[in-house]
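Enquirer: pasted the sequence and its predicted model underneath.
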Amino acid sequence: METVRTVADLRAAILQRRVAGDAVGFIPTMGALHDGQLSLLRRARAENGCVVVSSFVNPAEFTALDEGDQAHRDERRDLALLEQGGADIVFLPNRATLFPDADATRVIVDGLTRQLEGASRPGHLDGLTTVLIKLLHLVGPARLYLGQRHAQQIVILRRMINDLFMNIDLVVCPTIREADGLAVSSANAMLSIEERHAATCLYAAISAAKDAYDAGERSAEVLRARMTDTIAGESMARLDYVSVADAGTLAELRRVTGPALALVAAWVGRTRLTDNMPLAWDVA
């Protein structure tokens, strides 16, 4: 495994693999690796000759993509896990590498970065698209691997890739969950024992919506109410939003007549968590 920190070294390392004929799979992370990200690595390893993983925390003016406390980042631990998982190249840029002083360009996917997470955390999704397009241009992958847990991110990046005619396959992998259903996230490390138990209300909420849908309910208002009531039943949780949205546009639905997403965000103690469940289709 080769670890690089500069643009020049990254390009040289990837060029060497391209000359050898390897297709490149790419996994962007912000460190503090967990089983969800490692599942992406396993998928990418099986489908590509070269696997590139980046670890970069968005600049201070952007809210972090993953809600976890970045104090839990441990570069040596992450590198050991990546080497064990079969990563070929790990890119560890600092802020000045991706955002030099003269940097003035931001990428906004109009209409998709202002709702849900964008409404709750202004600037967060503009930061996501800006960082990701920089990384995609540097790595030039054939395939980009993302987890279903960040459903809005997937919708936005799919639109960006399509709108900009980027020759990249977006591979969406299922959310990895604990035995009790809680989505694996670096944010979970911030929960107390009591909060960790309470946090399962997010999975219970989206499961309630999915169960109602599977039983024939098509009113999005009813599905949203099922999620809201479930979160309200947990005294340690404070609801941010629930949504039943079109899976391609994130538009709020009145009735579910095609692929849709049940989404929820809530605070459990001082930790903000998100989760989602596909309706009417399965993540491959």
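Expert: Structure received. Note that the structure is predicted; figures quoted are calculated from it, not measured. Residues are numbered from 1 along each chain as shown.
Enquirer: alpha carbons only for contacts and neighbour counts from here, please
Expert: Noted.
Enquirer: helix, strand or coil for residue 205?
Expert: helix (DSSP: H, G, I helix; E, B strand; the rest coil).
Enquirer: where does the chain dip in pLDDT?
Expert: Scanning the chain for pLDDT under 70 picks out the ranges 59-72, 282-284.
Enquirer: quick one, what contacts the residue most central in space within it?
Expert: Nearest residue to the geometric centre of the chain (C-alpha atoms, centre = their mean): residue 150, 3.5 Å. Applying C-alpha atoms under 8 Å, 6 or more residues apart in numbering, we find residue 150 in contact with residue 275.
Enquirer: okay, now residue 6: neighbour count?
Expert: By other C-alpha atoms under 10 Å, 14 other residues sit near residue 6.
Enquirer: same question but for residue 265, I mixed them up
Expert: Around residue 265 there are 21 residues (other C-alpha under 10 Å).
Enquirer: isn't it up against residue 275?
Expert: Yes: using C-alpha atoms under 8 Å, residue 265 is in contact with residue 275, at 6.6 Å.
Enquirer: quickly list what's touching both of these two.
Expert: Residues touching both residue 265 and residue 275 by C-alpha under 8 Å, 6+ apart: residue 202.
Enquirer: how about residues contacting stretch 43-54?
Expert: Stretch 43-54 is touched from outside by 17, 22-30, 41, 86-92, 139, 145, with contacts defined as C-alpha under 8 Å, 6+ apart.
Enquirer: next up, the contacts around residue 109.
Expert: Going by C-alpha under 8 Å, 6+ apart, residue 109 touches 126, 129, 156, 159-160.
Enquirer: for the stretch 51-200 of the chain, what spans make up the helices?
Expert: Secondary structure of the stretch 51-200 of the chain (DSSP state H, counting those that start in this stretch): helices at 75-85, 95-98, 117-120, 124-139, 151-163, 193-198, 200-214.
Enquirer: let me know the angle separating the longest one from helix 151-163.
Expert: Following axes from the mean of the first three to the mean of the last three C-alpha atoms, to 10 degrees, one obtains 50 degrees for the angle between helix 124-139 and helix 151-163.
Enquirer: walk me through the domains of this structure.
Expert: Domains of the chain are assigned by automatic domain parsing as 2-173, 191-274.
Enquirer: tell me which of those sits most buried.
Expert: domain 191-274 (a mean of 19; mean count of other C-alpha atoms under 10 Å).
Enquirer: okay, how far is it across it, tip to tip?
Expert: End-to-end distance for domain 191-274, by C-alpha to C-alpha, to the nearest Å: 14 Å.
Enquirer: the strands in the stretch 1-150 of the chain, which residues?
Expert: According to DSSP state E, counting those that start in this stretch, the stretch 1-150 of the chain carries its strands in the segments 2-4, 24-29, 50-55, 89-91, 143-147.
Enquirer: and the fourth one, how far out from the chain middle?
Expert: Here the centre of strand 89-91 is set off from its chain's centre by 19 Å, with C-alpha atoms, centre = their mean, to the nearest Å.
Enquirer: and what of the last one?
Expert: Going by C-alpha atoms, centre = their mean, the spacing between the C-alpha centre of strand 143-147 and its chain's C-alpha centre is 9 Å.
Enquirer: outside of that strand, which residues touch it?
Expert: With C-alpha under 8 Å, 6+ apart, strand 143-147 has contacts from 24-28, 36-37, 40, 44, 154, 168-175.
Enquirer: partners of it, with directions?
Expert: strand 24-29 (parallel), strand 169-173 (parallel) (DSSP bridges).
Enquirer: with distance to residue 179 added, can I get these in JSON lines?
Expert: JSON lines is the format used below for these (distance: least, C-alpha to C-alpha, whole Å):
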{"stretch": "strand 24-29", "distance to residue 179": "24"}
{"stretch": "strand 169-173", "distance to residue 179": "18"}
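Enquirer: all set, thanks.
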